[in-house]
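>>> My questions are about this predicted structure, shown below with the sequence.
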Number of protein chains: 2
Amino acid sequence: MAQLLLGRPVAQALGHKIERYVKEWRQLGRIPRLATVRVGQRGDDVAYEQSLNKAFAKWGIEVQNCVYPAQIEQLELERRVLQLQNDPSVQGILPFMPLPEPLQGERLARILEPGKDLDGVGFLAQAGLYGQRSQLGWAPCTAQACMELLDYYQYPLAGKHVLILGRSLVVGKPLAMLMLARNATVTICHSHSTQAAQLAREADILVAAIGRPRAIGESYLAPQQVVLDVGINFDAQGQLCGDVDPQAAQIVQAYTPVPGGIGCITNAVLALHLVEQCGIRNS
Amino acid sequence: MAQLLLGRPVAQALGHKIERYVKEWRQLGRIPRLATVRVGQRGDDVAYEQSLNKAFAKWGIEVQNCVYPAQIEQLELERRVLQLQNDPSVQGILPFMPLPEPLQGERLARILEPGKDLDGVGFLAQAGLYGQRSQLGWAPCTAQACMELLDYYQYPLAGKHVLILGRSLVVGKPLAMLMLARNATVTICHSHSTQAAQLAREADILVAAIGRPRAIGESYLAPQQVVLDVGINFDAQGQLCGDVDPQAAQIVQAYTPVPGGIGCITNAVLALHLVEQCGIRNS
């Protein structure tokens, strides 16, 4: 029977750290503040905004919800983001991506400065991660959440073989960079990989980030594995599930459930980035 | 007996393409021009500069050798590079890295604009490669040279397992990005990898970029492999050699020799980037 790697205790441990930072910061008479940038009324974005507002309030962090109409001009949106960048009362900026058409997220990514870019969507933060320049920007929160979970449960990474299914800029690629920085051997597979299952069975740590409900079954799994399931999907019955088949996962050493795994940690990582950003500004 | 994958025919094929572009550009009354930026008198840099001058002259491309004293101030160096960036008679800029202490290469990397940054050393070019934004900048020439060689000898990449030994920003990481963009499965190993030899034996394409003379022997090699040797080392006898032991490599399908392999192609890739940059400016 595999060990369940729950996200909640990880989030709680991060929460304590966040609260300590926030307290210090407020004792200096300062208020930590995140600015969210939402364009239009997409349901996913609204739900995410609400969940952030709730979580951050609990930690004593203010959230300024900047909401613009879907018809906003590109230049006007960029001007607003630059204002937030120059606003000393804002320590972090989170634009909800992708932007509605015909707005270009890449143009926002080009102007976002690494410090306040807490989810690492800007070009400079990405170059920082890719080039392992630790002073330059934050990693995307979901990728960082995987690292926090492995650290919490004390799985060492140096010399381990980590196989990542998925090559997105939100999880696959940034996680590969974070794992390399910790001296893991990293394999990146994707929809064109013909040997993914075989390679996966040999891996010490398997990360599934492909967005296909319970697609990772026993052909990918082996007893020595620690499996991180980053998928957030709905199956044909409308039930929330991950990329990994939980029944098949019983044979592995340990795995993160969905719900209750990595997804529980990402808000806390975002808040941690914000309070650490406060620390940098303060020092 | 393994097939030898020679670099010279690849460079020649690229050379024809370069000469065609140069001719068109000159017919428009324009002169393609590279600016090299050398700080100090390091022997490697001087030799590289001379080899570039010779190769580029052959293709009809002018090279402007900007040479600054090792004592130049950081800001003054940045000012000079910005001048080159704004100079319409210069289509490409190649700063020789690393800069002598205490100059900071990272600060140059931050100001280099992707278009003229032909060797992809700038942050924006790196973010472009990492994020697979094909319009944003050039890949480092040595990494690109590997792709040109595989294309020349018609080895398909989609679905193949490519194992890269080395994670530098000059070869390992950019090559991983280029391979992913071509739908290969990619494994990155390095000095901390404990299972590199075993994983390597299973790979379809093995790339050695670790900088250790003939360190890759039979434990890494297998009959199905195509092996690219990116190492440029001198052994104890002072003889130029690669990372792969050529005797052990006889069992693989095909491999690139050192000298005579990848190293022959990099100047042509740099020139190709330059003439393609001319094309973009021209259109």
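Arrived safely. All values reported here derive from a predicted model rather than from experimental measurement.
>>> can you give me the helices in the stretch 101-250 of chain A?
Taking DSSP state H, counting those that start in this stretch, the helices of the stretch 101-250 of chain A run over residues A:105-111, A:123-130, A:141-152, A:172-181, A:196-202.
>>> Summarise which helices and strands the first one is packed against.
The criterion is 3 or more CB pairs under 8 Å, 6 or more residues apart in numbering or on different chains; DSSP states H and E, and the helices and strands that helix A:105-111 contacts are helix A:74-86, helix A:123-130. No exception for glycine: its C-beta is placed from N, CA and C like everyone else's.
>>> May I see the buried residues of the longest one?
Within helix A:74-86, the residues that qualify as buried are A:L77, A:E78, A:R80, A:V81, A:L84, A:Q85, counting by 16 or more other CB atoms under 10 Å in any protein chain shown.
>>> The closest residue to A:F96 other than its chain neighbours: neighbour count?
Nearest non-adjacent residue to A:F96, counting by CB to CB, 6 or more residues apart in numbering or on different chains: A:D45, 4.3 Å away. Each residue near A:D45 was counted by other CB atoms under 10 Å in any protein chain shown, and the total is 19.
>>> For the stretch 51-200 of chain A, give me the ranges with low pLDDT.
A:134-135 (pLDDT under 70).
>>> Which positions in it make contact with chain B?
By CB under 8 Å from any CB of the partner chain, the residues of the stretch 51-200 of chain A that approach chain B are A:106, A:110, A:123-124, A:126-131, A:133, A:158-159, A:161, A:167, A:169, A:173, A:176, A:180, A:183-190, A:192-196, A:199.
>>> filter the residues you listed to the buried ones?
Of those, these count as buried by 16+ other CB under 10 Å: A:123-124, A:126-131, A:133, A:159, A:161, A:167, A:169, A:173, A:176, A:180, A:183-190, A:192-193, A:195-196, A:199.
>>> Dump the helices and strands packed on helix A:105-111 to a markdown table, plus distance to A:T256.
Compiled in a markdown table, the helices and strands packed on helix A:105-111 are given as follows (distance: least, CB to CB, whole Å):
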| stretch | distance to A:T256 |
| --- | --- |
| helix A:74-86 | 33 |
| helix A:123-130 | 22 |
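>>> and of those, who's closest to B:V252?
In terms of CB to CB, the element of those nearest to B:V252 is helix A:123-130, at 30.5 Å.
>>> returning to what we had before: right, so of the helices of the stretch 101-250 of chain A, which gets closest to A:V22?
So among these, helix A:141-152 is nearest, using CB to CB, at 17.7 Å.
>>> packing partners for the closest one?
helix A:8-27, helix A:172-181, strand A:226-229, helix A:266-282.
>>> How far off centre is the last one?
To tie it back to what came earlier, the one meant is helix A:266-282. Centroid separation for helix A:266-282 versus its chain: 13 Å, with CA atoms, centre = their mean, to the nearest Å.
>>> coming back round to it: which of the helices and strands packed on helix A:141-152 sits most buried?
Highest mean neighbour count among the helices and strands packed on helix A:141-152 (mean count of other CB atoms under 10 Å in any protein chain shown): strand A:226-229, with a mean of 26.
>>> ok, and what's touching that one?
A:5, A:146, A:149-150, A:155, A:204-208, A:216, A:221, A:242-244, A:249, A:252-258, A:261-262 (CB atoms under 8 Å, 6 or more residues apart in numbering or on different chains).
>>> any idea how far A:R107 lies from B:K116?
Between A:R107 and B:K116 the distance is 21 Å, computed by CB to CB, to the nearest Å.
>>> Great, nothing more from me.
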